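1. Need coordinates for the below:
(2 chains)
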Protein chains: 2
Amino acid sequence: MRSYAGPHVSTPPVPEWSAAEIERLLAPVVRELMPPTALSTLPYDLNAGVPDRETLPWRELAAAATRVLEADPGGALTYGGAQGYEPLRAWIAARQAQETGLALDAAHITLTSGSAHAIDNIAATFVAPGDVVVVGAPTYPGALRTFRARGARLVAVPQDDDGLQMAPLAAALERQRASGAPAKLIYVIANYDNPSGSTLPLRRREELARIAARHRALVVEDDAYTGIDLEGPPPPSLFGVAGGQGMLRIGTFSKTIATGLRVGWVVASPAMIERLVYMRFDNGSSPLLHRMVLAYLQSGAHERHVAMLRDLYRERRDAAAAALVEQCEPYLTFRKPAGGFFHWLRLRDGLDAVAVARAAAQRGVAVTPGRNYFAAGGGEGNLRLVYSALPVARLQEAIALLGAALAEVASDGGERAVDGGTGGA
Amino acid sequence: MRSYAGPHVSTPPVPEWSAAEIERLLAPVVRELMPPTALSTLPYDLNAGVPDRETLPWRELAAAATRVLEADPGGALTYGGAQGYEPLRAWIAARQAQETGLALDAAHITLTSGSAHAIDNIAATFVAPGDVVVVGAPTYPGALRTFRARGARLVAVPQDDDGLQMAPLAAALERQRASGAPAKLIYVIANYDNPSGSTLPLRRREELARIAARHRALVVEDDAYTGIDLEGPPPPSLFGVAGGQGMLRIGTFSKTIATGLRVGWVVASPAMIERLVYMRFDNGSSPLLHRMVLAYLQSGAHERHVAMLRDLYRERRDAAAAALVEQCEPYLTFRKPAGGFFHWLRLRDGLDAVAVARAAAQRGVAVTPGRNYFAAGGGEGNLRLVYSALPVARLQEAIALLGAALAEVASDGGERAVDGGTGGA
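-> From the prediction side, this is the model:
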């Protein structure tokens, strides 16, 4: 494989490496993993779960950056330790304490490079090859990849409109225990699930906490979307319901401030936090970003910004819902989520989501087919549609184009085979 | 383990988790890893390998942050992809092309959260449990932890004043091949090694490239200190010598700009870069930091800053060397490094580095005992002393205190046992 031209310095030259040789040296897991979700470059992006780009609080963040660099350049620009900036951890702990009624402080928090990195940090600490991790069907594909990269065996538990179903969860855990491979982690997005938009009701949270405790499985509560509350506050967190026992709760500023910050966290007992910090190999995240985020949070701008975002995304969610009913009604159903960024669409029986996504892409619209979100098959009849990133008029245009794509696929035999049609939540 | 007080929301409450229960759920590798190097809080820190805090270019970085947020807030604050900001990759590639004479572009670069994270990314991609990684004795302990966390078996090859020794390297690779477990990676810091300060001469670089090629082992060239050139440019990189074949070269802005940025990279063939990007689980590093760094680099301030740093660190290196001769002469020897941040001290036969470090700490001086830097024993007679972080007067005070600590240990039986005295480079 000649990947370089130009005069080589080497005498004698080193023999070339072939692509096949390099492939043979890869850790085997690299070849087993599915690819990550790609970013789209299509004109209508209903694919990337990101905040609106026009309302990002960049002026306040720029001012915050200048402020913290002026105040303590050495602190902002020198290694801050693997657990992250203590005052920001204390700020997060105070919020979490308020929500849960538990006594939490900076020792209960470790800062990560976004919530995806928090999942990786948890996987590095708790998942050995062959360990069983229970996930929703559907769930966030980044979590599936991350757990699999550590050699986890994933057990998928079906979701309905109210999220993870408790009877199948209990049965799966019993089965695992009986088989001699008890589940170690249960990964769940209780608020505004990615992709299904579902929110776990309080009764299910209480039951999940009891089931997990009975099986001594740790619960990883991924709270990436909390804050984007479009119908008032969600039920008490799993973390709160369980009194923090056996819980790791993940949070992030990606959805309420900006995905480009890469500032997330884990809340857990200090003993677990210590172990998570122990399993960091990156010399910690950027103290400049930690300090900048804290200065922004303390400026008072954050509360106003999140209130504005809730109004903005509620309007977009509702406009997208109305457009879906108007433009796509015969071909799909969905349920309005109480928060977050997504409409989770169920296609009419037999309509193939991949064919629909392909037809939509030809019209310039990126939507995500459901298959990616299932650890063990399913989702052939689902699409995830992001309503957060585009203004109402663009959303309406995109959904009209999606309607045309649906009509085309429905009319010209883009139906999926019967054995591929069992998926969907 | 009761880590939380306060009213629990739960009905009925979830039973508590004991620390022992949580320990049992850890991935076994967590219990096998040595702890990471801790940051010191002593008044004289000769421990942390960081740039001088007083001369950090914070004004220019603050201006750069404001500039990139103004120019493209959406781009700076939204996911930038796992490979990182293309124009910054192109800038780095152009520099690397200039140095090596190879045709390199943005496809040959992936951006990481500092060079430590680059090692982790390489380990995730290439190291499966039981794989053999060859390292220097001594070498950077972060690399030892990171490779071990992926289940690597480390094979340590001794260093002398000129770095990694070629005959033992060739012999180790032969032995591994004969045993049926050929080495997969060779990790080396060719310029201004951490901790030994050694620089691999050109002849050894050529030989290393030949040996690695003969054994089809990939070379990981950790170039974290390149740029801190105190005696003119170092010899051509291993990457250049090998024509880029079978090479992964790691770089960072930590030492020439600031450790708090967490912006590093890997240079390799596009096929390898693709695989490294595939094995990212953090949704990429911060595009705000990437853009800020590029704006800073393009401002022209960087060249001036690095020229200033070279003068500053040369002065500190020489002042520390003079103070070591004056204050510590009977107890140790060392060789002036051609660049980087460290003096690597060899204690007089029988003097125990841990005892000396302890005695120094009692006087307020943090220095690092050598043991941490050895994968398979050694270093009992070595100390690493950072000269980059303190001004000359403080360095001189610290080294006078170190001299007193040495005298104390030498006089009152802090000698190490004979069987513990075989280490050192």
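
2. can you pull out the helices in the stretch 1-150 of chain A?
-> All helices of the stretch 1-150 of chain A, identified by DSSP state H, counting those that start in this stretch, fall at A:19-25, A:28-32, A:58-71, A:73-77, A:86-100, A:114-126, A:141-149.

3. winner for burial among those?
-> Of these, the one with the most neighbours on average (mean count of other C-beta atoms under 10 Å in any protein chain shown) is helix A:114-126, at a mean of 27. From N, CA and C alone the C-beta is placed, and that goes for glycine too.

4. what's the angle between that one and helix B:141-149?
-> Interaxial angle, helix A:114-126 versus helix B:141-149 (axes from the mean of the first three to the mean of the last three C-alpha atoms, to 10 degrees): 70 degrees.

5. of all the helices of the stretch 1-150 of chain A, which lies closest to A:His305?
-> Closest to A:His305 of the helices of the stretch 1-150 of chain A is helix A:58-71 (C-beta to C-beta; 7.9 Å).

6. ok, back up a step: in CSV: the helices of the stretch 1-150 of chain A, plus mean pLDDT and distance to chain B.
-> Shown next, in CSV, are these (pLDDT from 0 to 100; distance: least, C-beta to the nearest C-beta, whole Å):
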stretch, mean pLDDT, distance to chain B
helix A:19-25, 92, 5
helix A:28-32, 92, 6
helix A:58-71, 98, 4
helix A:73-77, 97, 3
helix A:86-100, 97, 7
helix A:114-126, 98, 4
helix A:141-149, 97, 4
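
7. Relative to B:Gln96, which of those helices is closest?
-> helix A:19-25 (19.3 Å).

8. ok so, going back, and B:Asn191, which of the helices of the stretch 1-150 of chain A is closest to it?
-> Here helix A:73-77 is closest among these (C-beta to C-beta), at 23.1 Å.

9. Show me what that closest one is packed against.
-> When contacts are defined as 3 or more C-beta pairs under 8 Å, 6 or more residues apart in numbering or on different chains; DSSP states H and E, helix A:73-77 packs onto helix A:58-71, helix A:287-298, helix B:58-71.

10. In JSON lines, list these along with distance to B:Ala405.
-> Listed next are the helices and strands packed on helix A:73-77 as JSON lines, based on distance: least, C-beta to C-beta, whole Å:
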{"stretch": "helix A:58-71", "distance to B:Ala405": "36"}
{"stretch": "helix A:287-298", "distance to B:Ala405": "31"}
{"stretch": "helix B:58-71", "distance to B:Ala405": "34"}
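
11. Out of the ones you listed, flag the one nearest B:Ile211.
-> Judging the helices and strands packed on helix A:73-77 by C-beta to C-beta, what sits closest to B:Ile211 is helix A:287-298, at 40.5 Å.

12. who touches that closest one?
-> A:57, A:60-61, A:64-65, A:67-69, A:72, A:75-80, A:84-85, A:87-88, A:91, A:111, A:253, A:257, A:261-263, A:302, B:260-261, B:286, B:288-289 (C-beta atoms under 8 Å, 6 or more residues apart in numbering or on different chains).

13. Please, where are all the strands along the stretch 251-400 of chain A?
-> Here the stretch 251-400 of chain A has its strands, by DSSP state E, counting those that start in this stretch, at A:264-267, A:332-333, A:342-347, A:365-366, A:368-369, A:382-386.

14. list the contacts for A:Ala212?
-> By C-beta under 8 Å, 6+ apart, the contact set of A:Ala212 is A:Ile186, A:Leu218, A:Val219, A:Ala242, A:Gly246, B:Val14.

15. most surrounded residue in the residues you listed?
-> A:Ala242 (30 neighbours; other C-beta atoms under 10 Å in any protein chain shown).

16. And that residue, how close does it get to A:Ala212?
-> Distance, A:Ala242 to A:Ala212, using C-beta to C-beta, to the nearest Å: 7 Å.

17. Please, where are all the helices along the stretch 301-425 of chain A?
-> Going by DSSP H, counting those that start in this stretch, the stretch 301-425 of chain A shows helices at A:301-328, A:353-362, A:392-411.

18. angle of the first one against helix A:58-71?
-> Orientation note: helix A:301-328 sits at an angle of 150 degrees relative to helix A:58-71 (the same axes, to 10 degrees).
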